[in-house]
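K.L.:
Sharing a model that was predicted from the sequence below.
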Amino acid sequence: MTTIDQRLRAQIRHAYDRAPVVKARFDAAGLTPDDVQSVADLDRVPVMPKDEVVTLQRAAPPFGGLLTVPPQALRHIFMSPGPIYEPDAGDDTTTVEMAALAMRRSGLQAGDVVLNCLSYHLAPAGLLVDRALLELGCIVVPGGVGNTDLQLQLLRDLRIAGYVGTPSFLLSLIRRAEERGLSWRADFHLRVAFVTAEPLPASLRQTLVEDYGLAVGNAYGTAELGFLALNTAGGLAMTLLPLPAVQVVAPDTGLSVGPGEAGEVVVTNLDPAYPLIRLGLGDLAVNVDPSPGQSQQSERAIILVGRSGEAVKVRGMFVHPNQLRFAAARVAPGAVVQGVVDRVDQQDSFELRVALADPGAGSAALAAALQEAVRQACRVRVNGVQFVAADVIGAGAPGLVDQRRWD
């Protein structure tokens, strides 16, 4: 039995005994904790879609019957779009260990000064990376998001060797430096880029590696679970990290798919305070398994191919159509809204199409109010607002349209 199987058995028993929702789901499926002895046995447990966590938390706020410790034992409470509240009691070291492993494999090492451009606000990513970098022995500059000119100054003045953040923001920093007449290779000392939270097109990776001399690690993960997979060599396949338990399953059956087959990414964490058993992430991936039935998780890989639901990740944040509707209703009651995501100059562009109840009411002031309402609801900046006729967003039209190409 592998180490992950041993830890999984303990997690399942603990979750069943202490998390009411987990017990209810097992009982409804006619299962006991003894029925799950290994990762392979997880196929017997029903998948819990991520959207169901939102429903559970609304029905039993704030944590939906998934918390196994008293609220007073928590150290942090984070929030993701939905909203989903994510408690952290500090009992699970897995997320920090995997983040540190992924960044070490990407080329970061003790003594490096690293600029962390992931958000420290509400979302857990910034603090997770901060803790993992300290474990590696790095010196962390907590840059957070935005403030391009200030971040550029930090990179230069502090002779920063490592960057953590989205690939599009790194490109913005490079281009801003060039606009100011600086040479990236001569005037800066960045050596490693650990990018995450949005797709990394092959063309952008090639630019970062060949034109700017960077070692690039591209990580896949989620707010609730930390980093799950990593690519350091290019190509589409992302090698799974050893923990937590990651499966690729058929969306209709919940059963693991075979090598080369596509399915939904489903994860079981090892956090005793907040057990998420068979959480369906809504991401679709191809299962890459060199030795079916024999390989360890760290020998397998996934190729991400899209989303199974309506949510779309924009600049590293998932945006749900319901968030857009909620935001629009605050400033333009009766309006029909549609988000349009595109890729412009290697960066995400996010615009709104809005059909107003009063077609003549469109104005620059209303557009600005809509942009701000969406920014507050989704934590994503809107590039522009287009007022359209009602028939442009017809009945049954999707709330989000993703027009991006990643070639």
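P.N.:
Here it is on my side, so go on.
K.L.:
how many neighbours does residue 247 have?
P.N.:
24 (other Cβ atoms under 10 Å). Bear in mind the C-beta positions are built from the backbone N, C-alpha and C, glycine included.
K.L.:
What segments of the stretch 151-300 of the chain are helices?
P.N.:
With DSSP state H, counting those that start in this stretch as the criterion, the stretch 151-300 of the chain has helices at 167-179, 184-187, 202-206.
K.L.:
now the shortest one, how far from the centre of its chain.
P.N.:
Here helix 184-187 is found 31 Å from its chain centre; the criterion is Cα atoms, centre = their mean, to the nearest Å.
K.L.:
Contacts for that helix next, please.
P.N.:
Contacts of helix 184-187 with the rest of the structure, by Cβ atoms under 8 Å, 6 or more residues apart in numbering, involve 156, 174, 177-178, 190, 212-213.
K.L.:
Would you mind measuring from the residue nearest to residue 83 when sequence neighbours are not counted to residue 311?
P.N.:
Leaving aside its sequence neighbours, residue 83 sits nearest to residue 54 (Cβ to Cβ, 6 or more residues apart in numbering; 7.4 Å). Noted for residue 54: a distance of 11 Å to residue 311, by Cβ to Cβ, to the nearest Å.
K.L.:
between the two, which one's more packed in?
P.N.:
residue 311 (22 against 19).
K.L.:
Could you measure from the residue nearest to residue 83 over to residue 136?
P.N.:
From residue 54 to residue 136 the distance is 34 Å (Cβ to Cβ).
K.L.:
Farthest from the middle of this structure: give me that residue.
P.N.:
Largest separation from the mean C-alpha position in the chain: residue 360, at 39.1 Å (Cα atoms, centre = their mean).
K.L.:
Please read off the pLDDT at that one from the model.
P.N.:
Note for residue 360: predicted pLDDT of 88.
K.L.:
And the one 3 residues further on, by the same measure?
P.N.:
Predicted confidence (pLDDT) for residue 363: 93.
K.L.:
can you pull the contacts of residue 232?
P.N.:
Going by Cβ under 8 Å, 6+ apart, the list of residues near residue 232 reads 105-107, 215-218.
K.L.:
Is it possible to mark the buried ones in those?
P.N.:
106-107, 215-218 (16 or more other Cβ atoms under 10 Å).
K.L.:
which of those residues lies closest to residue 22?
P.N.:
Taking Cβ to Cβ as the measure, residue 218 is the one of the buried ones among the contacts of residue 232 closest to residue 22, at 32.9 Å.
K.L.:
Now for the closest one: which residues touch it?
P.N.:
By Cβ under 8 Å, 6+ apart, the neighbours of residue 218 are 167, 195-196, 200, 205, 230-232, 238.
K.L.:
Return the member of those residues nearest to residue 113.
P.N.:
residue 195 (17.7 Å).
K.L.:
What's the local residue count around that closest one?
P.N.:
Count around residue 195 with other Cβ under 10 Å applied: 28.
K.L.:
Now it: closest residue in space that isn't a chain neighbour?
P.N.:
In space, residue 195 is closest to residue 167, 4.2 Å off (Cβ to Cβ, 6+ apart).
K.L.:
Isn't the one you found up against residue 203?
P.N.:
No: between residue 167 and residue 203 there is no contact, the gap being 10.9 Å when judged by Cβ atoms under 8 Å.
K.L.:
higher neighbour count, those two?
P.N.:
When neighbours are counted by other Cβ under 10 Å, residue 167 comes out ahead of the other of residue 167 and residue 203, with 25 against 11.
K.L.:
What confidence value was assigned to that one?
P.N.:
97.
K.L.:
Please report the distance of the closest residue to residue 41 other than its chain neighbours from residue 91.
P.N.:
Spatial nearest neighbour of residue 41, chain neighbours left out: residue 35 (6.4 Å); criterion: Cβ to Cβ, 6+ apart. Distance, residue 35 to residue 91, by Cβ to Cβ: 25 Å.
K.L.:
before we move on, what about residue 328?
P.N.:
Counting by Cβ to Cβ, the gap from residue 328 to residue 91 is 40 Å.
K.L.:
So between these two, which is more surrounded?
P.N.:
Neighbours were counted for residue 328 and for residue 91 using other Cβ under 10 Å; residue 328 has more, 23 against 15.
K.L.:
For the strand or helix carrying the more buried one, the averaged confidence score.
P.N.:
Using DSSP states H and E, residue 328 sits within helix 321-331. For helix 321-331, the mean pLDDT works out to 85.
K.L.:
Just the buried positions in that helix, please.
P.N.:
321-324, 327-328, 331.
K.L.:
Thank you kindly, that will do.
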